[in-house]
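>>> pasting the sequence and the predicted coordinates here, then a few questions.
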Amino acid sequence: MLVHRIPRERWKHINFFLQSAKLRRLMSYSTSSICQPLQASKLTPSENARWWVTEAILKTLQNTFQGSGSLHVLQSQHFQSSVFQTIRGSRKKLDYIVPTRSLSPLLIQYDLIGTSEENIIMQELQEKFAETAVYPVVDDHGVSVFSHAGYHSNQREFQFKLNPPILAALVLDANASFLSQPDVSVDAPRTVLEFSSPNIAKPFHAGHLRSTLIGNCLSRLCAAKGHQVTRVNYMGDWGRQFAILSAGLEQRAKMKLKNTDDKVTTFEINKHITHEKAVSSYIKDELQHAQNPLRILLEVYVQANQEVEDSPEFAELVKVHLSSLERREGEIFEIWQFVKTLSQDAYTQIYKQLSIEFDEVCFESDFVDDTKEVVASLQNMGNLIQAENGAKIVNLSEDLGQVVITKGGEVSTYLVRDVAAALKRKDNLNFDQMLYIVGHTQRLHFKQLFFLLKSLGHGSWSENCHHIEFGQVEGMSTRKGNIILLQDLLNEAQHRMLDLMKRNAAKYCQLDDPLHTASVLGLSAIVVQDLKSRRIKNYKFDWDQILQAEGDTGPFLQYTHARLCSIERTLGDSLLSVRPNPELISDNTTANNLVDSIIRFEDAVNDSLRKMEPAMLVNYLLTHARCASKAVASLKVKPIIQKDPELAASRLSLFSAARKVLGEGLDILGLEPLSKV
């Protein structure tokens, strides 16, 4: 490539106009497809940095086409917004990248591709941002905005190194917000997230934890970027699994009432005891007075699952229970209602410990009546096939195969209840997108669900329904009883963190509520350990691994946050009247690295939401915490307060910004940031 030296006078045209409010008002930016205008006063440091790079490119393009008919294209809101969104931080500190390939689609849209105008654009950009071109670029006030601009032909991208003092000034601003907060309005995207969704009558275990933590984090990411979020907990309370449980409860109660240890058949038990009320009363009374009723229900379910495979008589009893449940009558239905309430109360306590709240809690049974309308619609479309056993089947496609819509006796299936639930949510919430946070083992189920919705004429919005899948906690099975109960996990986590805290008696005595602190630290260990790997990966549960407190862990994030809080708490009052000076820290590599880390917070949030990957945010926070810890260790504040208060105030402001970012990040993960540990 031939590099042309460009006169210094021409480079002066490439100004950044830091106060260019008019251009900024034209800009729309969001990680979603629905953009919201940014006001100049609300720009975060990350957005400001992107703006400087954007304006450099826009001014270059506009100068190229000065006086031509294409100038209006380059001044359009969509073009400017698109350029802004292509800019990303590079792996090098304080660098930003603009891939040239990302500009080509924009030129295609405006019929500039393949023309002499496109060639002029690329030539001008290559000339003005050539690898050998190092020119001081100044704004109207003579302030250097970036120190280097380069073009790498092998990667086809433009690279900008921003001026450290300018970035430091943004970070040290006491009023700076490091995450843009678009106003929630009628124009904000309405996002529904269905997550957690345990089955009633089963204790909450580590397998349920993945959906709960991933869904909670994604919902907070959406809320942080201005979405109107509805969090839905869709509990399983219907179908054959509960019929198995209720049959097991009935058999167990009759055995207890008969007061015999002899092995007798189901048929013999039914001959001796026919008082349904007595059986029902015994079941309710035992569960109501049990210390942990869900453990009893789990034991019964595991035993009943085994018996339904081994005993034809018990399998027939399950069919009777399932039929009664569908008709919503008799003692079986009363037991179901009792167990449902019991389970919901137990789950409420668990969610309280996890600091998770839902906007809507619903059950499969809520949509059983609505399935009749779905079945009728499929029938009218001629899609239903009647099987010999009375079941109704739909042929979807060669890849998706056949699905059962109703079993014999018009018993609805899980799939058709999901269809009914989706239709009702669309009517009630009018969402823009709906996210199902469910394990990857249900991949086929959701493909079938979305296909059915489209077949029913709802393709316009069902294409915005997405299955956010994740890997399993290996080795766990409720049916076999191979599970780690979440309550046991939380208790053990609190116990281990409490022992760890007691090793430092001086700090332990200063805590207002050691048990609460230990609980938050334990939960932090669990959350970060679960979320720091890509969600699609399976992992084996390991007590020591999930509760470790050293290295890249949740407690490390909390300890770093508490340490930064302690510095502010201890030294803040003595430096209130001193104004920070960005230039005093911008020549220090450790400080610049921390500045760069702070500014990249919004990028991490945006990337994590765009890819629906909490691990991206978690790993950013771990890197940021390490960067902050290194800065605290080398950039001392207290020893220089008397000698150089301005430098001390600058370092303290830098630590305050680092603490804000870490605190906001912990909050998005669903964790309470601790100020004392």
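Noted; the coordinates are in hand.
>>> residue contacts, residue 567?
Residues in contact with residue 567, defined by Cβ atoms under 8 Å, 6 or more residues apart in numbering, are 632, 637, 652, 655. The way it works is simple: take the backbone N, C-alpha and C, and place the C-beta from them, glycine included.
>>> how close does the last one get to residue 563?
Per Cβ to Cβ, to the nearest Å, residue 655 is found 9 Å from residue 563.
>>> and those two? Which one has more around it.
Using other Cβ atoms under 10 Å, the more surrounded residue of residue 655 and residue 563 is residue 655, with 22 against 16.
>>> elements contacting the helix or strand containing the more buried one?
Element membership for residue 655 (DSSP states H and E) is helix 645-668. Judged by 3 or more Cβ pairs under 8 Å, 6 or more residues apart in numbering; DSSP states H and E, helix 645-668 is in contact with helix 164-172, helix 206-224, helix 554-571, helix 589-599, helix 601-610, helix 614-634.
>>> how distant is it from the center of its chain?
Centre-to-centre, helix 645-668 and its host chain are 24 Å apart (Cα atoms, centre = their mean, to the nearest Å).
>>> buried sites along it?
647-666, 668 (16 or more other Cβ atoms under 10 Å).
>>> could you check the angle that helix makes with helix 554-571?
Interaxial angle, helix 645-668 versus helix 554-571 (axes from the mean of the first three to the mean of the last three Cα atoms, to 10 degrees): 140 degrees.
>>> next helix or strand past the helix or strand harbouring residue 497?
Following DSSP H and E, one finds residue 497 within helix 486-501. Counting by DSSP H and E, the next helix or strand C-terminal to helix 486-501 is helix 505-510.
>>> list of residues touching that following helix?
By Cβ under 8 Å, 6+ apart, helix 505-510 touches 501, 502, 514, 676, 677.
>>> name the helices or strands packed onto the helix or strand immediately after it in the chain?
Moving toward the C-terminus from helix 505-510, the next helix or strand (DSSP H and E) is helix 514-531. Applying 3+ Cβ pairs under 8 Å, 6+ apart, one finds that helix 514-531 contacts helix 206-224, helix 330-354, helix 486-501, helix 543-546, helix 554-571, helix 614-634.
>>> and the next helix-or-strand element following helix 514-531, what's its mean pLDDT?
As assigned by DSSP H and E, the chain's next helix or strand after helix 514-531 is strand 539-540. The average pLDDT for strand 539-540 rounds to 77.
>>> same deal with stretch 605-620?
Mean pLDDT, computed over stretch 605-620, is 95.
>>> using CSV, write out every CA atom in that stretch.
C-alpha atoms of stretch 605-620 as CSV (Å, rounded to 0.1, in the frame of the first residue of the first chain):
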residue,chain,number,x,y,z
VAL,A,605,-21.9,-5.9,30.2
ASN,A,606,-22.9,-5.3,26.5
ASP,A,607,-21.0,-8.3,25.3
SER,A,608,-22.4,-10.5,28.1
LEU,A,609,-25.9,-9.5,27.2
ARG,A,610,-25.4,-9.8,23.4
LYS,A,611,-24.1,-13.3,23.7
MET,A,612,-26.3,-14.2,26.7
GLU,A,613,-23.2,-15.4,28.5
PRO,A,614,-22.8,-14.4,32.2
ALA,A,615,-19.2,-15.9,32.1
MET,A,616,-18.0,-12.9,30.1
LEU,A,617,-19.0,-10.5,32.8
VAL,A,618,-17.8,-12.8,35.6
ASN,A,619,-14.3,-13.1,34.1
TYR,A,620,-14.1,-9.4,33.4
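>>> flag every buried residue along that stretch.
Buried-residue list, stretch 605-620, by 16+ other Cβ under 10 Å: 605-609, 612-620.
>>> isn't residue 579 right up against residue 646?
Yes: with contact defined as Cβ atoms under 8 Å, residue 579 reaches residue 646; the gap is 7.4 Å.
>>> out of the helices and strands packed on helix 645-668, which is closest to residue 423?
The closest of those to residue 423 is helix 206-224. By Cβ to Cβ, the value is 21.5 Å.
>>> could you point out which element follows the closest one?
strand 228-235.
>>> show me the contacts for the spatially most central residue of the chain.
Of all residues in the chain, the one closest to the mean position by Cα atoms, centre = their mean is residue 218, 1.9 Å from it. Residues counted as contacts of residue 218 (Cβ under 8 Å, 6+ apart) are 193, 195, 435, 437, 468, 609, 612, 614.
>>> out of the helices and strands packed on helix 514-531, which is the most enclosed?
A comparison of the helices and strands packed on helix 514-531 by mean neighbour count, using mean count of other Cβ atoms under 10 Å, puts helix 206-224 on top with a mean of 24.
>>> one step back: what residues do residue 655 and residue 563 have in common as contacts?
Residues touching both residue 655 and residue 563 (Cβ under 8 Å, 6+ apart): residue 632.
>>> residue 280 and residue 334 touch, don't they?
Yes: using Cβ under 8 Å, residue 280 is in contact with residue 334, at 6.1 Å.
>>> return the closest of the buried residues of stretch 605-620 with respect to residue 368.
Nearest to residue 368 among the buried residues of stretch 605-620, counting by Cβ to Cβ, is residue 612 at 30.8 Å.
>>> for the closest one, phi and psi?
Dihedral pair for residue 612: phi 50, psi 50, per degrees, to the nearest 10.
>>> state the distance from it to residue 435.
Using Cβ to Cβ, we find residue 612 at a distance of 7 Å from residue 435.
>>> need the overlap of contacts for the two.
Common neighbours of residue 612 and residue 435 (Cβ under 8 Å, 6+ apart) are 218, 466, 468.
>>> okay if I get those residues as CSV plus pLDDT and distance to residue 232?
Shown next, in CSV, are those (pLDDT from 0 to 100; distance: Cβ to Cβ, whole Å):
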residue, pLDDT, distance to residue 232
218, 98, 13
466, 97, 14
468, 97, 13
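>>> I'd like those as JSON lines, with distance to residue 445 appended.
As requested, those are exported to JSON lines (distance: Cβ to Cβ, whole Å):
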{"residue": "218", "distance to residue 445": "20"}
{"residue": "466", "distance to residue 445": "14"}
{"residue": "468", "distance to residue 445": "14"}
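>>> what is the nearest of these to residue 246?
Closest to residue 246, out of all of those and judged by Cβ to Cβ, is residue 468, at 32.6 Å.
>>> that closest one and residue 433 touch, don't they?
No: with contact defined as Cβ under 8 Å, residue 468 does not reach residue 433; the gap is 10.8 Å.
>>> so, low pLDDT: which residues of the stretch 451-600 of the chain?
Scanning the stretch 451-600 of the chain with the threshold set as pLDDT under 70 gives 475-482.
>>> oh, I was asking about the chain
Low-confidence segments of the chain (pLDDT under 70): 1-42, 56-80, 82, 88-162, 181-186, 259-277, 409, 475-482.
>>> for residue 641, state which of the contacts of helix 505-510 is nearest.
Nearest member of these to residue 641, counting by Cβ to Cβ, is residue 676, at 22.6 Å.
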